[in-house]
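S.K.: sequence below, structure please.
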Amino acid sequence: MAHDSSPPSDRERNGARTRQTVLDAAETLFAERGYAGTSLNDVGAEAGVSRATPGYFFGSKASLYQAVIDRCFERVRQAIRSGRKRALASGKDAEVVLAGAVSEYFDFMIEHPKFVRLMEWEALSGGTKLQQAPPLVEVVREALEAMSAELEVGPSHREATAQLLLSIISLCWFPLVHSRTVLLALGLDPADPGFAESRKRHVVELVVQGAREQLVLSAT
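M.R.: This next block holds a predicted model:
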């Protein structure tokens with residue numbers, strides 16, 4: 001099938017709105033089909049612009065994908081910073097702060113299902129593209145530093161804090177990824193608001209108990 005090589009129109013050239021439309025379309029398709037299953041032509045069609053427009057703004061599929069990933073991680077970074085600011089300003093004890101962090105993280109993933117799917121595609125493909133993505137390293141490091149500050153734990157507990165963060169991610173991530181497999185078999189409906197609340201309570205109880213033992217929260 002011949003590619004549409006016509007230049008972008010004046011409407012498409014004038015900017016920021018079209019670029020965001022292309023990014024939104026690319027995020028949707030990369031989340032649904034993965035990197036290999038998405039073309040610039042597909043993105044143009046999804047965005048309702050000429051097939052040449054994604055290439056005009058981003059140059060290549062690889063550059064467009066990187067822009068999508070960068071935007072996703074910027075959302076994560078902003079959520080981390082916002083949560084850290086609230087936690088440190090609250091004056092609450094470490095267990096309350098930790099419970100809030102779990103709840104915020106779970107809510108973030110529910111609100112950003114495309115991010116979850118993008119990360120799943122990366123995992124299935126061996127994470128080769130994310131290995132070249134400094135934003136991933138920066139976001140994980142910032143999340144670890146935020147948790148250490150919120151819980152008032154020092155460098156000696158860095159490994160335990162990293163394990164705690166990994167547990168939070170795993171316990172929150174799994175039910176969203178396996179909503180149509182394991183959860184279905186268990187008769188659980190992740191779309192039910194009651195499920196989200198009960199899941200958060202359960203994860204908070206597990207994480208807080210583990211943190212008490214590993215990080216001695218009662219002494220902070």
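S.K.: for the longest helix along the chain, which positions count as buried?
M.R.: Secondary structure of the chain per DSSP state H: the longest helix is helix 61-90. Of all the residues in helix 61-90, those buried under the rule 16 or more other CB atoms under 10 Å are 61, 64-69, 71-73, 76, 79-80, 83-84, 87. No exception for glycine: its C-beta is placed from N, CA and C like everyone else's.
S.K.: just want the phi and psi numbers for the residue nearest to Gly83 when sequence neighbours are not counted.
M.R.: Among residues not flanking Gly83 along the chain, Glu104 sits closest, at 5.0 Å (CB to CB, 6 or more residues apart in numbering). Backbone torsions of Glu104, given as degrees, to the nearest 10, read phi -70, psi -40.
S.K.: against Arg51, how distant is Arg117?
M.R.: 24 Å (CB to CB, to the nearest Å).
S.K.: ok, Ala36 next?
M.R.: 19 Å.
S.K.: of those two, which one has the most company?
M.R.: Regarding Ala36 and Arg51, a neighbour count based on other CB atoms under 10 Å identifies Arg51 as having more, with 18 against 10.
S.K.: show me where the chain has helices.
M.R.: So, for the chain - with DSSP H - the helices run 10-13, 16-33, 40-47, 53-58, 61-90, 94-111, 113-124, 134-151, 158-177, 182-186, 193-215.
S.K.: lowest mean pLDDT across these, which one is that?
M.R.: For those, mean pLDDT drops lowest on helix 10-13, to a mean of 52.
S.K.: list the contacts for the closest residue in space to Leu29 that isn't next to it in sequence?
M.R.: Closest residue in space to Leu29, ignoring its immediate chain neighbours: Thr38 at 4.5 Å, by CB to CB, 6+ apart. When contacts are counted by CB atoms under 8 Å, 6 or more residues apart in numbering, Thr38 touches 26, 29-30, 61.
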